[in-house]
Each structure stands twice: as C-alpha cells, then as structure tokens.
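Visitor: have a look at this prediction, sequence included:
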Amino acid sequence: MNENDPYTIEEKKELLQLARRTIEAYLSERKKEYPPTDNPKFQEHRGVFVTLHKKGDLRGCIGYPTPIKSLLESVVDNAITSATEDPRFPPVTVDELDDIDIEISVLTVPKKVKSHEDVVVGRDGIIISKGFMKGLLLPQVPVEQGWDLEYYISWGCRKAGLPMDEWKRGVDIETFQGIVFGETDLMD
C-alpha cells in the first residue's frame, strides 16, 4: 500500500462485494441500502465510477467525477446506476450477473491543466469542456484502447459532444487520477 493508494486488498474486496450485493438486491427486489460502516476511509467523500464488463466488453459505466458523497454511498449509487441507467446499454438483467465483472475507480479531485501536453496517458483521467459541453474519460481508457495522447484528447472532445479536433482551437482540460481495482484482479 502506498500513499496514493490508501486502500488495503481487503477494503477493495469489501467495496467490490458491496457493489455486487447492491446490484443483485436492486435488480431482484428494487432494494437500495447504505450499510453502516465504521471505516473512516469509506466515510470520506470521493469521486467514484463503477464500470461493468460482460465477458470483457463494456456493459455500463457511471459515476461521480467529484466528491459529492461518501465512498460507500458513491459505490452503492453508481453500482445501481451503471447496471440500470447507462444510456448506451439496456439495463442489466439478473440472468446476466454471473457474466458481469465489476471494476471501481476511486478518483482524486479534478485539477485544471494549462495544456493537453500536461496530460500523462496511463496516469491521468481527463475532463474536456467547452461552454456547456463536457466529457470525461477514466485514466484506464487510453491504455486499454492503445491510444496516444492526441487521440486520447480527441476522444475526450468527442465524449463532450465536440468535434474531435476541437482541442486544437481551445478547450478546458482537467485531469484526475484513479485508484482502479476490479473483481478480475482481486476476487477468487
């Protein structure tokens, strides 16, 4: 464990189990609960995304980019939302759950950078914005896709609903880092 990753393996497993139990309870009974916790790390307000994969393919990804709720509440909320409200996919069904792998990204607070050249692929997630348009990509995305920096920034623009080369004309760029962990790595 290092200072950039304050969570133990056991805490990460606990959060992944919470996300899975939450999705199962919500899909089968429409129940949503925030279990009590004495863990001060779970009570800290953190930005959190929950990503679902089905047999390796993206199946849902929703989150809070900024720390608006506790880590525990954010995992519960975004586990349900990723499974049921990602507009790119139909809601997950109970029958699919055995084929779903869960990944959690706990985020640092976004910070504005002066230039796209300040972004480090593999370390930084990005938020691209211009006017009311805004798009976010998690730090693991360009690595998984094999993108270089310019392609990453271009896809950030696309995610914001802007032309892919809009960054050449000027956009606001914020970066954040993530502690990313998933069932495929940690669960038996």
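Guide: That came through, no problem. The structure presented is a predicted model; accordingly, all values stated were derived computationally and were not measured.

Visitor: once you drop chain neighbours, what's closest to Arg59?
Guide: Leaving aside its sequence neighbours, Arg59 sits nearest to Leu52 (C-beta to C-beta, 6 or more residues apart in numbering; 4.3 Å). For every residue, glycine as well, the C-beta is placed using N, CA and C.

Visitor: the one helix or strand that neighbour maps to: partners in the sheet, and parallel or antiparallel?
Guide: According to DSSP states H and E, Leu52 maps onto strand 47-54. Strands adjacent to strand 47-54 in the sheet, as given by DSSP bridges, are strand 57-64 (antiparallel), strand 100-107 (antiparallel).

Visitor: tell me the first helix or strand C-terminal of the longest helix that the chain contains.
Guide: The longest helix of the chain (DSSP state H) is helix 9-29. Sequence-wise, the next helix or strand downstream of helix 9-29 (DSSP H and E) is helix 40-43.

Visitor: residue with max distance from the center of the chain?
Guide: What lies farthest from the middle of the chain is Arg169; by C-alpha atoms, centre = their mean that is 27.9 Å.

Visitor: ok, now how distant is it from Ala83?
Guide: 37 Å (C-beta to C-beta, to the nearest Å).

Visitor: do Asp118 as well
Guide: Counting by C-beta to C-beta, the gap from Asp118 to Ala83 is 35 Å.

Visitor: settle it for me: which of those two has more neighbours?
Guide: Ala83 (27 against 12; other C-beta atoms under 10 Å).

Visitor: spatially, and excluding backbone neighbours, which residue is closest to that one.
Guide: Closest to Ala83 by C-beta to C-beta, 6+ apart is Val92, at 4.2 Å.

Visitor: burial of the one you found, as a residue count?
Guide: Neighbours around Val92, by other C-beta under 10 Å: 22.

Visitor: ok but it is inside a strand, no?
Guide: No: the assignment for Val92, made by DSSP: H, G, I helix; E, B strand; the rest coil, is coil rather than a strand.

Visitor: residue contacts, it?
Guide: Ile23, Leu27, Leu52, Arg59, Gly60, Ala83, Thr84, Ile100 (C-beta atoms under 8 Å, 6 or more residues apart in numbering).

Visitor: host element of the nearest residue to the first one once chain neighbours are set aside?
Guide: For Ile23, ignoring the flanking residues on the chain, the nearest one in space by C-beta to C-beta, 6+ apart is Ala83 at 4.8 Å. For Ala83, the enclosing helix or strand under DSSP H and E is helix 71-84.

Visitor: same question for Ile128.
Guide: strand 125-130.

Visitor: same for that strand, what does it pack against?
Guide: Using 3 or more C-beta pairs under 8 Å, 6 or more residues apart in numbering; DSSP states H and E as the contact test, the elements touching strand 125-130 are strand 133-137, helix 149-159, strand 172-176.
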